[in-house]
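**Student:** Dropping the sequence and predicted coords here.
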Amino acid sequence: MKLTFAKILNALPAFQKLSAADLSLKCNYWVRKFINKVQDELKYFNDENQKLREKYPDFGAEYQEKFKELLNLEIDLEYIKPVIHESENIKLSVNDVTLLEEFITFIFEEEQ
């Protein structure tokens, strides 16, 4: 799946809530596997951002331009999209679900 660092960083607080949730073993396994892949990519992002900070310590226009390029860098994240069923009973806000639905499949029962 092609993603940008900006999308991942925007969803980071929702990922943190999800990782703290009490999930079934199977769901926890797939969510943890996904989060580990995201963390690997974020390590690269943080390393590159640190290099930019050292090169442009005044955080001026050049830094801002390079940082924006880094945020918009497309990465190809290979993973199996975790599935979370409503029976997991996770407390997430509408905003959290919106941020996560690109990364995770949520399944809700149809109301009768």
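**Tutor:** It's in.

**Student:** going forward, measure contacts between C-alpha atoms and count neighbours the same way
**Tutor:** Noted.

**Student:** Name the nearest residue to Ile35, sequence neighbours excluded.
**Tutor:** Phe15 (7.5 Å; Cα to Cα, 6 or more residues apart in numbering).

**Student:** And for that neighbour, the neighbour number?
**Tutor:** By other Cα atoms under 10 Å, the residues close to Phe15 number 22.

**Student:** Remind me what the longest helix along the chain packs against, helices and strands.
**Tutor:** In the chain, ranked by residue count with DSSP state H as the criterion, the top helix is helix 25-55. Where contact means 3 or more Cα pairs under 8 Å, 6 or more residues apart in numbering; DSSP states H and E, helix 25-55 is packed against helix 5-20, helix 61-71.

**Student:** what's the angle from it to helix 5-20?
**Tutor:** Per axes from the mean of the first three to the mean of the last three Cα atoms, to 10 degrees, the angle that helix 25-55 makes with helix 5-20 is 140 degrees.

**Student:** For helix 25-55, buried residues please.
**Tutor:** Cys27, Asn28, Trp30, Val31, Phe34, Ile35, Val38, Glu41, Phe45, Asn49, Leu52 (16 or more other Cα atoms under 10 Å).

**Student:** hang on, the first one packs against Ile84?
**Tutor:** In this case it means Cys27. Yes: between Cys27 and Ile84 there is a contact under Cα atoms under 8 Å: 6.6 Å.

**Student:** quick revisit: just the mean pLDDT for the longest helix of the chain, thanks.
**Tutor:** Mean pLDDT, taken over the full extent of helix 25-55, equals 91.

**Student:** next one: it to chain centre, how far?
**Tutor:** Distance, stretch centre to chain centre, for helix 25-55: 8 Å (Cα atoms, centre = their mean, to the nearest Å).

**Student:** relative to helix 61-71, how tilted is it?
**Tutor:** Calculated by the same axes, to 10 degrees, helix 25-55 forms an angle of 160 degrees with helix 61-71.

**Student:** neighbours around Val103, how many?
**Tutor:** To be clear, residue 103 is Phe; Val isn't right here. 22.
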